[in-house]
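Chemist: make a model of this:
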Amino acid sequence: MVLAQMVVDSVVLEGRSIRATALRYGVSKSWVYELVRRYRVGGSEALVPRSKAPTTNKRSISLELEDLIVATRKELVDLNTDAGASTIHWHLRQRGVELPSVSTVYRVLKRRGFVTPEPRKRPRASFIRFEASLPNECWQSDMTHWQLSDGTGVEILTFIDDYSRFVLACDVFRTVKVPDVRRVFARGCHDFGTPASVLTDNGAIFNARSRLGRTGFESDLDALGVLYKHSTPYHPQTCGKVERWHKTLKKFLEKRPANSIEELQAVLDDVIAYYNDVRPHQSRGRMTPQAAYDERAKMPANTLVHQVHHRIRKDTVDNRGHVTLRYLGKLRHLNVGWKYMGQTILLYIVDDQVDVVTTDGELVGVITLNPDKNYQPIVRSRPL
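Modeler: Coordinates of the predicted model:
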C-alpha cells in the first residue's frame, strides 16, 4: 500500500513520467499505469490490494437446505431425542434429501448458533516444536526486567543460540536502547560469527514496524544479510528458548542479590559461565550448551538481497525551517527551508534518500541521510 501510494504520488503530484517512476521504484510501467488508473477512478482506497479469493463457492449448499437442517434440528429437540449432526443427516437422507456430508450439517448448525464448541486441551504430542538444526542458524533475543538490592529497576538483554541454548551475550543496562542492542549483537558476531537469522519479539528496541520505520538494529541485520524474524504478537512461546533462559536466570539471581549494575553484571557473567559450561541441559540430551554449540559445524550467514525500505511521512515545517525524521534509531533534523515554515510537507523515503515534496506537488529537494550527522542538508532540485 505504501509503495503503491508513492508510485501514484510520483506521477500525479510530482509530475514524473511513467518511465521515470518505474525506474525509480523498480516496478514495471504497466503496474504504474494500472495504479494511476485505479487512483483516478477510486482515489486512495482503490490502491488497497484486492483479495483474490473467489466470491462464490460452488460446493456451498443452498439457503433452503440450511433452513431444512435447522427445522429438522428443532423437530428432534422438541421430541427430546438426539439432535446431533449425524442424526439430522440420517433423517434427511431417509426423506430423500441429498447432503454432502455429516460435517456439512455440523458446520450449518455451528454457523446458525445451535452448537457451541467446547474447548479441549491439546495433547502434548500434538505440539509443533521448532528447533534450529545447526548452531548459528538462528539466534533469539529478548529483554527482561530485574531489580537491584535497593529496588532500582534494570533491564537485561540476552542473545541465545536456538539450537544449543548457548548464551551468546547477556548484559545489564539501566534501560536498554537500540544502540545497546546493536553493540551487543555486533560483539556477539565478532566472538561467535554472524548468524543466518535472528528472532525477536516486536519490542521497540528491536524493530520499528509499528512506527512504519526501521531501527538501526534492523539496518545492521539487512547490511549483514541476516534474515530477521518477528514473533507473533502476544505469543511469547515463539521466543520460548530465550524466555525459558530468563526464567532460569532469575532463579539464579534470587540467590545472589547485587547492589549496582557493575556488581550485577559480574553475577551474570558467573551465571552464564556455569549455565554454558557446567549445567547439563535437558532439551539437549543432558549436554551442556557449550558442548552442544561446539559439536556441530556452524550455519554460514545468509547472503540475502538488500531489502529496500519504503516509507511516506507527513510533517509540518517548524519555525526553524526543519522537520524531524527517525533514522537508524536516532532523531534527525531535516532542513527544508524558512520559506516553507508552517507548511505541511511530504517525505518520500527510499532507504537513505528522502524526497521533500509539498502537498501541491512541488519537489522542494532531495536529502541523502548521513548517519553521522543529526542535521541533514537539502539539495534543491527540479521535478523530473
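Chemist: could you pull up the residues touching the residue most central in space within the chain?
Modeler: With distances taken as CA atoms, centre = their mean, the residue of the chain nearest its centroid is His230 (4.2 Å). By CB atoms under 8 Å, 6 or more residues apart in numbering, the residues touching His230 are 199-202, 207, 209. For glycine as for every other residue, the C-beta is placed from the backbone atoms N, C-alpha and C.
Chemist: among the residues you listed, name the ones in helices.
Modeler: Among the contacts of His230, the subset assigned to helices under DSSP state H is empty.
Chemist: would you turn those residues into CSV with neighbour count?
Modeler: Listed next are those as CSV, based on neighbours: other CB atoms under 10 Å:
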residue, neighbour count
Leu199, 23
Thr200, 23
Asp201, 22
Asn202, 14
Asn207, 20
Arg209, 14
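Chemist: which residue in these has the weakest pLDDT?
Modeler: Taking the contacts of His230 together, the minimum pLDDT is found at Arg209 (73).
Chemist: quick one: it and Asn202 touch, right?
Modeler: Yes. Using CB atoms under 8 Å, Arg209 is in contact with Asn202, at 6.3 Å.
Chemist: next, the buried residues of stretch 101-119.
Modeler: 104-106, 108-109, 114 (16 or more other CB atoms under 10 Å).
Chemist: quick one: low-confidence parts of the stretch 1-150 of the chain?
Modeler: 1, 58-59, 79-82, 117-129 (pLDDT under 70).
Chemist: what ranges does it have for its helices?
Modeler: Applying DSSP state H, counting those that start in this stretch to the stretch 1-150 of the chain gives helices spanning 2-12, 18-25, 29-42, 63-78, 85-94, 102-111.
Chemist: redo these as a markdown table? Include distance to Arg332.
Modeler: Below are the helices of the stretch 1-150 of the chain laid out as a markdown table (distance: least, CB to CB, whole Å):
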| stretch | distance to Arg332 |
| --- | --- |
| helix 2-12 | 20 |
| helix 18-25 | 22 |
| helix 29-42 | 30 |
| helix 63-78 | 59 |
| helix 85-94 | 62 |
| helix 102-111 | 53 |
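Chemist: chain neighbours aside, what residue packs nearest to Asp315?
Modeler: Counting by CB to CB, 6 or more residues apart in numbering, Asp315 lies nearest to Val323, which is 4.2 Å off, once chain neighbours are set aside.
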